[in-house]
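Engineer: The sequence isn't on hand, but the structure is:
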Ligand code: FDA
């Protein structure tokens, strides 16, 4: 219902009534309010004077503070937005059209790594980079299969699945979650490993299974323009990448560059790879499976697993792994969309796609290979359903600069056109999408965070396919009042409660 709150004092009194220790609170009157609000806001798109601002921001120092925050927002009928790393592409962790508070978990970032039992407990406010760092500090042969981007927050990332360059070997981050700390209720543990953040409660910490990595891994990156045969290579990539050994992740990015020497625009296809093994073995695999790429020994770089993490996230060779901890959030203006491809796109169609990209050159595409472990995990194992039969995922990404902020609409139109254009080549009924590439174009709840089953199924079936029904069932049981909600949360439907 509508919030009865008018004074910050009422809410702050509730907090102190329900907590023995003081919880840091920032109201708009506080000089640090804007700094805290912006601190982990990954998208500058929402950093404007007209963007709705929270009634206050709470930054819990311990688990009990999170519980207190929930009690007091329930009491005062104000919506909670929970933020871990602030990377939500639609800003759902820090924006709302109704009065809201932010429970910001950035202080809860403890990571306990136990190399003997190969598990770790990580709090939601940690970043993936901090996990990699903590593991690498203790072991050269353990790692964790989560985001390529190392500033992504654990809380949202694990809630939506989460993938990086070990996806084909070990599945998603959520596949490797073995326990969590959240209000314990029936079915909840299943729902929180991929069912999207913000629908079921606040996950405070996660127990994860560490995975084996060899002391030496091998990376390469090669670029090909259209003149260098990119079209046939991309065609071949689609047939090969999902069938390669699970140890090999070969990701493909497509963008526009100036052709040399003429200065015409051309498509640049970048093939970048991470292999859990040495260069000699990798070369043998590439020679056998994808000789057309023309790799030679000079292309391979042997590094430690943690160095490969840094290289993939754009840090220069031999960077110190200290860059993974306590660094400022990189910020950008961007919009993302996603698709899943189940059938090889023929060369002649690829050429049409190139024409489309060349017309809207700020919108790039990344093809993320599936297969391997991803095909072995049943669709119903976790809410994340994109498994066997998927050749690759498409990430569409458009970036623009702060100087171009006036033209934001223009760039958003670009990516929508690109998505529309791709319709014939991607999955249908439903047209699948990745929950962690949040996209409100797929639909959203009404202003107060409610949606009918049929309305929510429009985006819910894209993100979760048939798992959507089970998510509605769990939600209806554990949160019948729809307290935890956002613009794309799972609805609570009375009839599901009675099953
Ligand atoms: P944020 O804090 O914004 O939360 C996202 C959603 O989860 C919100 O709805 C929020 O309320 C909810 N939530 C947050 N914490 C919660 C908690 N503790 N309990 C319950 N709900 C919670 N993905 C990927 O798989 N691989 C990748 O390599 C990348 N790379 C990447 C790069 C960049 C630059 C961006 C902006 C995004 C990605 N992503 C990605 C997508 C990323 O996985 C996705 O945005 C995650 O939801 C981000 O999690 P955060 O905690 O940072 O987001």
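Structural biologist: That came in fine, so what should we check first? What you see is a predicted model; the values in this text were computed from it and never measured.
Engineer: State the distance from the most centrally placed residue in the chain to residue 394.
Structural biologist: For the chain, the residue nearest the mean C-alpha position is residue 436 (3.9 Å; CA atoms, centre = their mean). Using CB to CB, to the nearest Å, one obtains 14 Å as the distance from residue 436 to residue 394. C-beta: built from backbone N, CA, C; applies to glycine.
Engineer: got a list of what the nearest residue to the residue nearest to the centre of the chain once chain neighbours are set aside touches?
Structural biologist: Spatial nearest neighbour of residue 436, chain neighbours left out: residue 160 (3.5 Å); criterion: CB to CB, 6 or more residues apart in numbering. Neighbour list for residue 160: 174, 194, 196, 197, 384, 434, 435, 436, 438 [criterion: CB atoms under 8 Å, 6 or more residues apart in numbering].
Engineer: go again using 6 Å as the cut-off
Structural biologist: 196, 435, 436 (CB atoms under 6 Å, 6 or more residues apart in numbering).
Engineer: if we take those residues, which one ends up nearest to the ligand?
Structural biologist: Nearest to the ligand out of the contacts of residue 160 is residue 436 (CB to the nearest ligand atom; 3.8 Å).
Engineer: What backbone torsions are found at that closest one?
Structural biologist: Backbone dihedrals for residue 436, given as degrees, to the nearest 10, come out at phi -80, psi -10.
Engineer: Quick check on residue 318: phi, psi?
Structural biologist: phi 60, psi 20.
Engineer: and this structure, which residues reach the ligand?
Structural biologist: Within the chain, the positions lying close to the ligand (CB under 6 Å from any ligand atom) are 42, 81-89, 92-93, 105, 124, 147-149, 152-153, 155-157, 159-160, 162-164, 197-198, 202-203, 436, 486.
Engineer: In helices, which of those fall?
Structural biologist: Taking DSSP state H, the ones among those that sit in helices are 155, 156, 157, 159.
Engineer: tally of neighbours for the last one?
Structural biologist: Just to be clear, that refers to residue 159. Residues near residue 159, counting by other CB atoms under 10 Å, number 30.
Engineer: What degree of burial does the closest residue to it other than its chain neighbours show, as a neighbour count?
Structural biologist: Spatial nearest neighbour of residue 159, chain neighbours left out: residue 197 (3.7 Å); criterion: CB to CB, 6+ apart. Applying other CB under 10 Å, we find 30 residues neighbouring residue 197.
Engineer: next one: residue 236
Structural biologist: Neighbour count for residue 236, taken as other CB under 10 Å: 18.
Engineer: moving C-terminal of the helix or strand bottoming out on mean pLDDT in the chain, what's the next helix or strand?
Structural biologist: Least confident helix or strand, the chain: helix 188-192 with a mean of 70, by mean pLDDT, DSSP states H and E. Sequence order places strand 205-209 as the next helix or strand after helix 188-192, per DSSP states H and E.
Engineer: Need the contact partners of that following strand.
Structural biologist: With CB under 6 Å, 6+ apart as the criterion, strand 205-209 contacts 119, 120, 121, 122, 123, 158, 176, 177, 178, 179, 180, 181.
Engineer: If I follow the layout properly, the residue nearest to residue 159 ends up in contact with residue 157?
Structural biologist: No - in this structure residue 197 lies outside contact range of residue 157 using CB atoms under 6 Å: 8.7 Å.
Engineer: quick one on the thing from earlier: could you turn the buried ones of the contacts of strand 205-209 into a ChimeraX selection?
Structural biologist: Command for ChimeraX, covering only those of these found buried under the criterion 16 or more other CB atoms under 10 Å:
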select :119,120,121,122,123,158,176,177,180,181
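Engineer: now, which of the contacts of strand 205-209 lie within helices?
Structural biologist: Using DSSP H, the contacts of strand 205-209 in helices are residue 158.
Engineer: Looking at pLDDT only, which of the contacts of strand 205-209 scores worst?
Structural biologist: Ranked by pLDDT, the contacts of strand 205-209 bottom out at residue 181 (86).
Engineer: And it, how close does it get to the ligand?
Structural biologist: 10 Å (CB to the nearest ligand atom, to the nearest Å).
Engineer: same check, this time on residue 346
Structural biologist: From residue 346 to the ligand the distance is 29 Å (CB to the nearest ligand atom).
Engineer: Renumber starting at 794 from here on
Structural biologist: Sure thing, new numbering starts at 794, so read that last one as residue 1139.
Engineer: what about that residue, neighbour count?
Structural biologist: 12.
Engineer: Likewise for residue 1128?
Structural biologist: 24.
Engineer: same check, this time on residue 1031
Structural biologist: Neighbours of residue 1031 (other CB under 10 Å): 20.
Engineer: SS state for it?
Structural biologist: helix (DSSP: H, G, I helix; E, B strand; the rest coil).
Engineer: Adjacent strands (with direction) for the strand or helix carrying residue 1015?
Structural biologist: Element membership for residue 1015 (DSSP H and E) is strand 1010-1018. In the sheet, strand 1010-1018 lines up against strand 1058-1068 (antiparallel), strand 1094-1096 (antiparallel) (DSSP bridges).
Engineer: hey, which of these is tucked in deepest?
Structural biologist: Highest mean neighbour count among the strands paired with strand 1010-1018 (mean count of other CB atoms under 10 Å): strand 1058-1068, with a mean of 22.
Engineer: just the strands in the stretch 794-943 of the chain please.
Structural biologist: 818-819, 849-851, 872-876, 893-897, 904-907, 912-916, 935-936 (DSSP state E, counting those that start in this stretch).
Engineer: so which of these comes closest to residue 1064?
Structural biologist: Closest to residue 1064 of the strands of the stretch 794-943 of the chain is strand 935-936 (CB to CB; 22.4 Å).
Engineer: just how off-centre is that closest one within its chain?
Structural biologist: 20 Å (CA atoms, centre = their mean, to the nearest Å).
Engineer: Which residue, neighbours along the chain excluded, lies closest to the residue of the stretch 994-1143 of the chain found nearest the ligand?
Structural biologist: When scored by CB to the nearest ligand atom, the stretch 994-1143 of the chain has residue 996 as its residue closest to the ligand, at 3.9 Å. Distances taken as CB to CB, 6+ apart place residue 975 nearest to residue 996, at 4.8 Å, with adjacent residues excluded.
Engineer: The one you found: neighbour count?
Structural biologist: The number of residues packed near residue 975 is 19, by other CB under 10 Å.
Engineer: Double-check it against residue 993; I have them as touching.
Structural biologist: No - the pair residue 975 / residue 993 is not scored as a contact, 7.4 Å apart, by CB under 6 Å.
Engineer: who touches residue 927 in this structure?
Structural biologist: 904, 906.
Engineer: same thing but 10 Å
Structural biologist: Shown in contact with residue 927 (CB atoms under 10 Å, 6 or more residues apart in numbering): 903, 904, 905, 906, 913, 915, 919, 937, 1117, 1118.
Engineer: and residue 1224, how far is that from residue 1056?
Structural biologist: Separation of residue 1224 from residue 1056 (CB to CB) stands at 37 Å.
Engineer: which of these two has more neighbours?
Structural biologist: Per other CB under 10 Å, whichever of residue 1224 and residue 1056 has more neighbours is residue 1224, with 16 against 7.
Engineer: burial count for the closest residue to that one other than its chain neighbours?
Structural biologist: In space, residue 1224 comes closest to residue 1255 once its chain neighbours are excluded; the distance is 6.0 Å by CB to CB, 6+ apart. Look at residue 1255: counted by other CB under 10 Å, it has 23 neighbours.
Engineer: Now residue 1255: phi and psi?
Structural biologist: Main-chain torsions, residue 1255, degrees, to the nearest 10: phi -70, psi -40.
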